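K.L.:
no sequence for this one, just the structure:
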């Protein structure tokens, strides 16, 4: 059973939070729970929530985690969920110094959840919401049977990355079409022609070419409005929810899963910033205020494990932390702005210190108004890239391995941003719901240099088709060719289009 | 304490089992499965089960790393993530799952999949006895005295009569305090079974043929073991003469020379006579060959041996004929002609590895 904290740990928590607040962190109240490894594996499989809807994927995750814990490959130190109050879990078997570190780390996450802009629309009572979802889905399972509900949940989960993460809020309902007008259309006003009472002046005031161009604009507009959806719809989940022929319980299920997807999306979009911020604060709090001298070695050991960098994978903890420190340092010494950017005297740049001392304020501002993409776009500089030894790598088909491609700043940064755009997911939108005038669904993948995984594409299309029931198509590019995948419920076809 | 996740976990395991069952046909013909056999469990690689998403192809994407190296150097080394204080689900492994199943579970799946009937064993009068300690009594042999209960009882008595002093907690049991373990004898009917594998190892049986025999007998073994506790296996190889060998030799020897099937049948009958009294044993002689017997005379001898000595004592006699480019395949025809109507005889032809599935069904489909 989850245990509340012992008095010692409660005191520890209180002290750490006081220190954190005095240094400017702004947090929700935090509740810690002590779990043993089995329980923490369970909660982690449920992505931090104690109650989730029944689904085999939690079981799979649990199996994987328990195995790798048993084999000693993997251990969860800490988990924290974005909720008010904030809930965090500690692993019972950890040493006090670990718990200290975790609590400091949690302070960072907590502050980030509360203040970063991407989290502002998330439900802060998500624990309750999740439990409600679980109850509803359980009820549907009771009514309709586990196989029916589960296979529908599987399909929804298969497209739960097709939401509009850049939307500043969750659009819960489609805008109603504008009311019809009873007035007859005023052709002249519609065309945007200039008012003119003298007929002989007409072709000077509104010359033919202008009339023609305005007319074309109008026609295009009319054509656009006839299209459905009028604009490509990135929130594919919502589109299907509203327009696919679904039962009411199915709409409800999809609505819940979409809600959960939106809830988790900001965490995907701020992984580097969030972990970096938490790491920044656990280092700062531990080394400056909280740690006893006897704990230095253990702390350093644990910390270096968390911060270890790898040649294959970015460590969001290390990258984020390094960037915050770099920003703090630059703003402390005034290494920003026009003057700094235009200075190309290396010696002077090295000496540059304007004693501006704005570092702390700057990083607090950064943690509030940036997400990973903008964060890296703005602060991943040439100097930073070189100091930290970043490189881009590519797959070499001949040698069948990944080879370092280049250390050139532009390429590295481009690759980095590409990986983070749309939280690392392909951009796919509904282009046309009446494709070929046969109520078929056309999706389009905005290709940005990386092809989709073929096998997954096939299987996912099949799932979309099962929801939409009419044939479903996807435009994408494969090896520089423009390709149309079509799935009609039986097989899957692929053809090159121009 | 049971965790909430147990339900989801069980559901996941069901799905995995379902996957295995679905693919059982392809597992059956794979030899490497047998290689992954532990003591009681078997490890089966199952393709990763997951929810498909639209996602980028991993290889064409490349990535960004950090560290030493010049352009052109391989980005090797282990992908080490931070010390694991991450959220759930990141960096999930790419490869499939290894699922551990017990042989019994696997046999059950095979049974369900092939709709094999349960075997009704004979020889149920044979009974094993097990002693089970079940309770406590006030009398019994000293060797079975239950110390803890005895002293508890003494303590209880002393408190009741007021002779117990917590400051000087001396407890002395008297005769009435003594407690002894009692036992019950459990009787369990046990059916004994023996499989006698016979294989033709003459020159015409190649490696592939032997592999087929090996795989087939693995599954036969698994199923019969599921049905009988303490199944025994004996192995006989033969070319022109037969000899009994161990399991390893059975599957790996290559002899050459002629084929006298009767030699194997004779040895088999001798083994049965010597070690397995019919009353208490369920006997399964299984014979694999490419069907190329030396002479018609020998085939006649074989038929005689079967009729007089083997069939009367066997639950089932099964003959599997493996197709070989050298064999004439005549033997199965002779058997079918003479003994095809006998319900104790099962004959099956295994063309190639794909045929194993069907022939297992032939072998075990009768529930004898």
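P.N.:
Looks like it came in fine. Everything numeric here is computed off the predicted structure, so don't read it as measured data.
K.L.:
C-alpha from now on. contacts and neighbour counts both.
P.N.:
Will do.
K.L.:
ok, now which ones touch residue A:102?
P.N.:
A:77-78, A:90, A:282 (CA atoms under 8 Å, 6 or more residues apart in numbering or on different chains).
K.L.:
then residue A:426?
P.N.:
Residue A:426 neighbours (CA under 8 Å, 6+ apart): A:445-447, A:452, B:54-56.
K.L.:
likewise residue B:317?
P.N.:
Listed by CA under 8 Å, 6+ apart, the contact set of residue B:317 reads B:284-286, B:310-311, B:344-346.
K.L.:
dump the residues you listed to TSV, plus secondary structure.
P.N.:
Shown next, in TSV, are those (DSSP: H, G, I helix; E, B strand; the rest coil):
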residue	secondary structure
B:284	strand
B:285	strand
B:286	strand
B:310	helix
B:311	coil
B:344	coil
B:345	strand
B:346	strand
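K.L.:
list only buried entries from these.
P.N.:
Buried by 16 or more other CA atoms under 10 Å in any protein chain shown: B:284-286, B:310-311, B:344-346, out of the contacts of residue B:317.
K.L.:
count the residues that sit near residue B:142.
P.N.:
Using other CA atoms under 10 Å in any protein chain shown, residue B:142 is surrounded by 11 other residues.
K.L.:
got it, and residue A:433?
P.N.:
23.
K.L.:
phi, psi of residue B:233?
P.N.:
Per-residue torsions, residue B:233: phi -130, psi 140 (degrees, to the nearest 10).
K.L.:
wait, isn't residue B:205 in contact with residue B:324?
P.N.:
Yes - the pair residue B:205 and residue B:324 passes the contact test of CA atoms under 8 Å, sitting 6.8 Å apart.
K.L.:
out of the contacts of residue B:317, the closest to residue A:258 would be?
P.N.:
Nearest to residue A:258 among these: residue B:346, at 58.6 Å, using CA to CA.
K.L.:
low-confidence ranges in the stretch 251-368 of chain B?
P.N.:
Along the stretch 251-368 of chain B, the model assigns pLDDT under 70 to residues B:255, B:326-327, B:367-368.
K.L.:
now for the residue in it that chain A sits nearest to: which residues touch it?
P.N.:
Proximity of the stretch 251-368 of chain B to chain A (CA to the nearest CA) peaks at residue B:354, 26.4 Å away. Shown in contact with residue B:354 (CA under 8 Å, 6+ apart): residue B:29.
K.L.:
and it, which of the three is it?
P.N.:
Per three-state DSSP, residue B:354 ends up helix.
K.L.:
how near is the spatially closest residue to residue B:106 that is not a sequence neighbour to chain A?
P.N.:
Distances taken as CA to CA, 6 or more residues apart in numbering or on different chains place residue B:222 nearest to residue B:106, at 8.0 Å, with adjacent residues excluded. According to CA to the nearest CA, to the nearest Å, residue B:222 and chain A sit 27 Å apart.
K.L.:
thought residue B:222 was touching residue B:105?
P.N.:
No - the criterion here is CA under 8 Å, and residue B:222 misses it with residue B:105 at 9.7 Å.
K.L.:
out of these two, which sits in the more crowded spot?
P.N.:
A side-by-side neighbour count of residue B:222 and residue B:105, using other CA under 10 Å, places residue B:222 first with 19 against 16.
K.L.:
what comes up buried for the helix or strand hosting that one?
P.N.:
Assigned by DSSP states H and E, residue B:222 belongs to helix B:207-227. Within helix B:207-227, the residues that count as buried by 16+ other CA under 10 Å are B:209-217, B:219-227.
K.L.:
from chain B, how far out is residue A:82?
P.N.:
Going from residue A:82 to chain B by CA to the nearest CA gives 12 Å.
K.L.:
quick one, phi/psi of that residue?
P.N.:
Dihedral angles for residue A:82 - degrees, to the nearest 10 - are phi -70, psi 100.
K.L.:
again with residue A:443
P.N.:
According to degrees, to the nearest 10, residue A:443 has phi -110, psi 150.
K.L.:
what do you get for residue A:84?
P.N.:
According to degrees, to the nearest 10, residue A:84 has phi -120, psi 110.
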